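K.L.:
predicted model, plus sequence, below.
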Amino acid sequence: MPTEATFDAADDGVVDFSEYFRALVRRKWLILALALLGALGGYAFGMTAAKSYTATAVVQVRTVAADDKNPDPGGNINISTQQQVASAGAVAEVVQKRLKTTQTTGQLLSGLIVTVPGKANTLTISYTAGNPKDAATLAQAFAESYLQYRRDPATKLISDRTKAAQAKLVALQGQITKVQGVLATQPKGSTAYNNAAGLQNVLQQQVAPLQQNLNTLEALIIDPGQVIADAVPPTKPSGLSSKILIVAGLLVGLVLGLILALVRDRTDKRLQRRGSLTRQLGMPVLAVLPGRAGSLERREDTLVTLTNNPPYAVESYEALVAGILVTGRRENLRTLAVTGPLAGKSAAMVAANVAVSITRSGQRTVLVSAAADGTLERMFDLGGEPGLHDVIAGDASLGAALHHHPTVERLTILPSGTADGSGRLINPETVRRLLASLREDFDFVVIAAPPALVSAEALVLGSAADAVVIVAQAGSTRTDDVADVTERLESLGAHVLGAVVSGGRVPPARRRAQSRPVAVASSSAVETRSNASVLQR
C-alpha cells in the first residue's frame, strides 16, 4: 500500500525534535566539513601564532618601619594596595634604570601581570615576553624593583630623622659645654653658679630621650620583603597548546556547522528523502518509489512492473494503481496525465509502469507519449514510428499511430511521432477530441506529459484529463515548484490526485520483507482491495 496516503496531522504546537535530527543527518557532510575546517584552523593558528613565554617570581611582602605608605609599622599589610604598587609606572621606572633599557614604562608594563595567590602577604609577579630569557629577566627585575621602590623611601626617611636627631644632640652637647664652663668659673652659691647649674640639669634631661630616639632609629632594619622564588626561563611557551586549539577549533566548527545545517535545511526548498513527504509537498503522497534519486531514470530501458525487480518498487506501483482504480470507479476516472515540474525521465517512467500495472486489472490501456524527450520511444523501441504529433498534423491516422505491445496483451502505445509537435497540443479542443477518440477504443488512457513548468502543453493535457499525478524527484525537485505546478493546473480546472515521489526512502525492515519475488498478477488484486479501504477512509 502507499507509503503515505493521507495528510499529516495538523500542527499541534509540539516541537518535533526528530525533524531537526533528520535535518542534521541530511547535512552531516556539511557539519563534518566545517568541524574539520575548524580543527585545521585551530592547528594553523597554533602553528603560525607568535610564541610567548611567561616567567614568574614570587615576593613575600613585609611591613616597612617608618614607611609613609604603611604608617603603622606594627599593623597588617594591605596586600591589594601592594598589588597596585607593584603594577605602577613608578616601579617600571626603577626597572628602566636597573636594566638600562630604552623601552618606555608603558611597553614594560604591557607584559606584566601581578596577582595575589592564596597565601597571605605574597605577590606573584609574572612577565610574558617573546623569548624565555627576556621573560625571566623582566619578571625578576620587576620583583626586585618593587622591593627597592619600597626600601629606598623608607631608608631616606630614617636617614633624615637620624641626622636631625644627631644635630639636636650636638647642639645640646654644645650648650652643656658652655654651662659647664660657667660653673667652673663662678663661685659656688653665687646667683650665676646656681642659674648655670639649673640650666645644666634641664639640658641633660633633654639629652636622654633624644639619645634614646637616636638609638631606636639606628636599630631599625629596613626590610620591605624578599623574593622567595626567583624567575627562571620557561621551557615551554605559554598560552593554549596545539591540542587545545585543535579541540577548540573543532568545537567552534561543529557549532557553526550545526547552525548552518539547520539554516540551510530551512532555506532548501528541495524535496528531502527523509521526513514527512506529505508535509513537505503540501499534498497527498500516493506512492513512494524507493531508491536514490534518479535511480529509476538510469533504468530507462527497464519496466520494473515487467521485470518484477526490485520487489518493493513493484509493490509501490501496484499500490499506486490500486488507489487510482478505486478512485476511477468512484469518480469515473479514465484518463490520467502524469507530469513533473521540470525536465526529466521520471514522469515518463512512472507513466509507463502505471500503464503496465493497469493492464493487469483487465483494462485495455493506451500509453500516450506527449513529451518530446524520447524516453518512452527508447523504452518500447518505437523511435521513428508515426505517433501523436503525426496524427494531430494530419500525416497519419490514429489507428496507424497506435502500436500494440508484443508481450503485454492489453497495452497499446501512442508514441510522440516523427512530426514537429511544437505547440500542437496547446489547443484544448484538439486535445479533448483526441482523448475522446482514445476513450472509445480503450478503457484507460495514461498520458506521459511534458514538464509543466516549461510546457504549456502539460497544462492543457492536465486540464483535459480526468486527473493528474505530479512526479517529484527526492533530492532535486523543489517543493515550491510542485506547489506552482499544482496551482497552475488547478487554476485551469485540473483535478490533481497527489504526488508520486521518486527516489524515496523505504525502511530497511520493509525492504527485507519485500525482498522475495512478487507475483504481480495476484498481488494486484490484494493491493487493490487494501488501497481501496485506505482511500475510502
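P.N.:
Received the coordinates, thanks.

K.L.:
what comes up buried for the helix or strand where residue 214 lies?
P.N.:
Using DSSP states H and E, residue 214 falls within helix 191-219. By neighbour count on 16 or more other CB atoms under 10 Å, the buried set for helix 191-219 is 193, 196, 199, 200, 203, 213, 214, 217. All C-beta spots, glycine's among them, are computed from the backbone N, C-alpha and C.

K.L.:
next one: stretch 376-394
P.N.:
So for stretch 376-394, counting by 16+ other CB under 10 Å, buried means 376-377, 379-380, 382, 385-392.

K.L.:
equivalent analysis for stretch 469-479, please.
P.N.:
So, applying 16+ other CB under 10 Å, buried residues of stretch 469-479: 469, 470, 471, 472, 473, 474, 475, 477, 478, 479.

K.L.:
swap in stretch 448-461?
P.N.:
Going by 16+ other CB under 10 Å, stretch 448-461 has these buried residues: 448, 449, 450, 451, 452, 453, 455, 457, 458, 459, 460, 461.

K.L.:
model confidence over that stretch, on average?
P.N.:
In this model, stretch 448-461 has a mean pLDDT of 90.

K.L.:
which of the buried residues of stretch 448-461 fall in helices?
P.N.:
457, 458, 459, 460, 461 (DSSP state H).

K.L.:
in stretch 115-124, what's buried?
P.N.:
So, applying 16+ other CB under 10 Å, buried residues of stretch 115-124: 122, 123, 124.

K.L.:
take those residues and lay them out in a markdown table including secondary structure.
P.N.:
Shown next, in a markdown table, are the buried residues of stretch 115-124 (DSSP: H, G, I helix; E, B strand; the rest coil):
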| residue | secondary structure |
| --- | --- |
| 122 | strand |
| 123 | strand |
| 124 | strand |
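
K.L.:
if we only consider the residues you listed, which is nearest to residue 36?
P.N.:
residue 124 (39.8 Å; CB to CB).

K.L.:
distance-wise, check the closest one relative to residue 138.
P.N.:
Distance, residue 124 to residue 138, using CB to CB, to the nearest Å: 14 Å.

K.L.:
do the same with residue 29
P.N.:
50 Å.

K.L.:
so for those two, which sits in the more crowded spot?
P.N.:
residue 138 (26 against 10; other CB atoms under 10 Å).

K.L.:
quick one: mean pLDDT for stretch 79-86?
P.N.:
Rounded mean pLDDT across stretch 79-86 is 90.

K.L.:
of the buried residues of helix 191-219, closest to residue 227?
P.N.:
Looking across the buried residues of helix 191-219 and measuring by CB to CB, the closest to residue 227 is residue 217, at 27.0 Å.

K.L.:
skipping adjacent residues, who's closest to the closest one in space?
P.N.:
Spatial nearest neighbour of residue 217, chain neighbours left out: residue 162 (4.6 Å); criterion: CB to CB, 6 or more residues apart in numbering.

K.L.:
so that neighbour, which state does it fall into?
P.N.:
Applying three-state DSSP: residue 162 is helix.

K.L.:
count of residues packed around it?
P.N.:
For residue 162, using other CB under 10 Å, the count is 16.

K.L.:
ok so residue 497 is a helix residue?
P.N.:
No - counting by three-state DSSP, residue 497 is not found in a helix; it is strand.

K.L.:
now it: how far from residue 333?
P.N.:
Counting by CB to CB, the gap from residue 497 to residue 333 is 8 Å.

K.L.:
so between the two, which is more surrounded?
P.N.:
In this view residue 497 and residue 333 are compared by other CB under 10 Å, and residue 497 has more residues nearby, 22 against 18.

K.L.:
so the more buried one is in contact with residue 326, correct?
P.N.:
No - with contact defined as CB atoms under 8 Å, residue 497 does not count as touching residue 326 (11.3 Å).

K.L.:
local confidence estimate at the spatially most central residue of the chain?
P.N.:
Nearest residue to the geometric centre of the chain (CA atoms, centre = their mean): residue 256, 2.2 Å. With respect to pLDDT, residue 256 scores 88.

K.L.:
how about the nearest residue to it, chain neighbours excluded?
P.N.:
residue 34 (5.3 Å).

K.L.:
pull out the buried residues from the helix or strand where the one you found lies.
P.N.:
Here residue 34 sits within helix 28-48, counting by DSSP H and E. Across helix 28-48, burial judged by 16+ other CB under 10 Å covers 30, 31, 34, 35, 37, 38, 39, 41, 42, 43, 46.

K.L.:
re the thing from before, between residue 497 and residue 333, which contacts overlap?
P.N.:
324, 327, 467 (CB atoms under 8 Å, 6 or more residues apart in numbering).

K.L.:
scan those residues and report the most crowded one.
P.N.:
Of the shared contacts of residue 497 and residue 333, with other CB under 10 Å as the count, residue 324 tops at 26 neighbours.

K.L.:
what segments of the stretch 101-250 of the chain are strands?
P.N.:
For the stretch 101-250 of the chain, the strands defined by DSSP state E, counting those that start in this stretch cover 112-115, 122-129, 225-229.

K.L.:
format these as CSV; extra columns: distance to residue 179 and mean pLDDT.
P.N.:
Output for the strands of the stretch 101-250 of the chain, formatted as CSV (distance: least, CB to CB, whole Å; pLDDT from 0 to 100):
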stretch, distance to residue 179, mean pLDDT
strand 112-115, 58, 94
strand 122-129, 55, 93
strand 225-229, 48, 90
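
K.L.:
closest to residue 280 out of the ones you listed?
P.N.:
Judging the strands of the stretch 101-250 of the chain by CB to CB, what sits closest to residue 280 is strand 122-129, at 56.3 Å.

K.L.:
ok, back up a step: out of the buried residues of stretch 448-461, which is nearest to residue 158?
P.N.:
So of these, ranked by how close each gets to residue 158 (CB to CB), first place is residue 453, at 98.2 Å.

K.L.:
pull the contacting residues for the nearest residue to residue 331 once chain neighbours are set aside.
P.N.:
For residue 331, ignoring the flanking residues on the chain, the nearest one in space by CB to CB, 6+ apart is residue 466 at 7.3 Å. With contact taken as CB under 8 Å, 6+ apart, residue 466 is in contact with 328, 331, 332, 333, 334, 335, 336, 495.
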